[in-house]
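[1] Here's a sequence, model it:
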Amino acid sequence: QVQLVESGGGLVQAGGSLRLSCAASGRTFSRHTMGWFRQAPGKEREFVAAIHWSGLKIDYAASVKGRFTISRDNAKNTVYLQMNNLKPEDTAVYYCAASANYYTDSSGYNYWGQGTQVTVSS
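    Now for the predicted structure:
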């Protein structure tokens, strides 16, 4: 079992930055792929970024590539999402998720956090 708790969301102006954190409990965190997803009002949940447990494989959605950076600290059981140059269209609830295998599709993830709201004002 892996339990996930996100933090770091908030309100920021366009062009600003936020860093999301996702703290995981469970001894197997270091062997799980971690992903970030987001869901805006009236839209389906979408992939943002994923990082393999080794840190050697990372993927980003095209809409965030070059602006967002995913990283992890296995010693702290934490995964991060650094978000720079935020845009109003980045407004959404952001979720972290864990999977025993590497996926960029949400259907591959077994464990989910409760989400943290990110609001970007124009």
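[2] do you know how far the residue sitting nearest the centre point of the chain is from Ser122?
    In the chain, the residue lying closest to the centroid (C-alpha atoms, centre = their mean) is Trp36, at 2.4 Å. Look at Trp36 and Ser122: by C-beta to C-beta, to the nearest Å, they are 23 Å apart. C-beta: built from backbone N, CA, C; applies to glycine.
[3] What distance do you get for the closest residue in space to Val48 that isn't next to it in sequence to Cys96?
    Closest residue in space to Val48, ignoring its immediate chain neighbours: Trp36 at 4.2 Å, by C-beta to C-beta, 6 or more residues apart in numbering. Trp36 is 6 Å from Cys96, where distance means C-beta to C-beta.
[4] residues shared between the contacts of the two?
    Counting by C-beta atoms under 8 Å, 6 or more residues apart in numbering, the contacts common to Trp36 and Cys96 are 20, 22, 79, 81.
[5] ok, now which ones touch Gly26?
    Applying C-beta under 8 Å, 6+ apart to Gly26 gives the contacts 1-3, 77.
[6] Inside strands: which ones of those?
    Gln3 (DSSP state E).
[7] Take the contacts of Gly26 and, keeping just the buried ones, write it as a PyMOL select command.
    Selecting only the buried entries of the contacts of Gly26 in PyMOL, with 16 or more other C-beta atoms under 10 Å as the criterion:
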select buried, resi 2+77
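[8] pLDDT and distance to Pro41 added to the contacts of Gly26, as a markdown table?
    As requested, the contacts of Gly26 are exported to a markdown table (pLDDT from 0 to 100; distance: C-beta to C-beta, whole Å):
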| residue | pLDDT | distance to Pro41 |
| --- | --- | --- |
| Gln1 | 79 | 31 |
| Val2 | 84 | 28 |
| Gln3 | 92 | 26 |
| Asn77 | 93 | 31 |
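[9] Go through the contacts of Gly26 and name the one nearest Arg31.
    Val2 (10.0 Å; C-beta to C-beta).
[10] And the closest one, how close does it get to Tyr109?
    10 Å.
[11] Also Asp73?
    For Asp73, the distance to Tyr109 (C-beta to C-beta) stands at 20 Å.
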